[in-house]
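Enquirer: Okay, here's the prediction I keep looking at, along with the sequence it came from:
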Amino acid sequence: MSAARDKICFVIDTSSVLQIKQIVPQANRKAVFSKLTEYVESEFLVYPKEVLDELEKGTMDQPLAWAKKNADKATRYGPLFDELRAVMSHRQAQRVLDPDKVGVVEADPHVLALALHLNELDFRPIVLNEEIRSRPNKLSLTQACGALRLVPLTIAVFLEQEGIWVES
């Protein structure tokens with residue numbers, strides 16, 4: 001593995017964890033989640049606790065089971081208040097919060113804060129997410145990544161690039 005590859009770290013959003021159920025056939029999901037666990041164990045894949053919180057609002061299924069199983073290592077950076085403040089004070093990135101979700105802790109700003117933190121640690125963070133389209137009152141996570149000069153990537157492209165699974 002090259003030195004440059006060692007510095008890449010993927011930050012996965014709730015949308016990408018859930019997208020696995022949409023694009024990967026049931027027969028292949030166990031292998032895909034197993035490979036993602038290897039990425040967590042190798043410290044190449046992380047997520048904030050808020051991703052697990054969002055998944056817990058759904059039903060008990062493979063994405064939630066995977067996130068719970070990997071939570072200790074994947075969420076090891078803990079709350080990142082300074083980076084979260086940076087996201088929420090950024091003129092454009094702060095619009096990543098959905099104004100229609102009142103009283104709900106959303107993962108998006110925490111995903112961005114984690115990516116900023118990894119950047120400060122000299123990693124090259126790549127944000128895995130499926131949110132491409134913005135609305136008038138909400139900036140997509142992909143566009144918020146652009147505003148913060150972070151690299152976004154969809155889970156389908158990630159799975160194919162990493163040789164984990166190819167969508168047919």
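Expert: Thanks, I have it. Residues are numbered from 1 along each chain as shown.
Enquirer: Look through this protein and tell me its longest helix.
Expert: helix 26-41 (DSSP state H).
Enquirer: now for it, which elements pack on it?
Expert: Counting by 3 or more Cβ pairs under 8 Å, 6 or more residues apart in numbering; DSSP states H and E, the packing neighbours recorded for helix 26-41 are helix 14-23, strand 45-46, helix 62-74. Yep, even glycine has a C-beta here, placed from its N, CA and C like the rest.
Enquirer: which of the residues in that helix are buried?
Expert: Arg29, Val32, Phe33, Leu36, Thr37, Tyr39, Val40 (16 or more other Cβ atoms under 10 Å).
Enquirer: For the nearest residue to Asp61 once chain neighbours are set aside, give me the pLDDT.
Expert: Closest residue in space to Asp61, ignoring its immediate chain neighbours: Lys21 at 7.3 Å, by Cβ to Cβ, 6 or more residues apart in numbering. Note for Lys21: predicted pLDDT of 94.
Enquirer: check contacts around the closest residue to Phe123 other than its chain neighbours.
Expert: Spatially, and ignoring its direct neighbours in sequence, Phe123 is nearest to Cys9 (4.4 Å; Cβ to Cβ, 6+ apart). The neighbourhood of Cys9, defined by Cβ atoms under 8 Å, 6 or more residues apart in numbering, consists of Glu43, Phe44, Leu45, Val46, Leu118, Phe123, Arg124, Pro125, Ile126.
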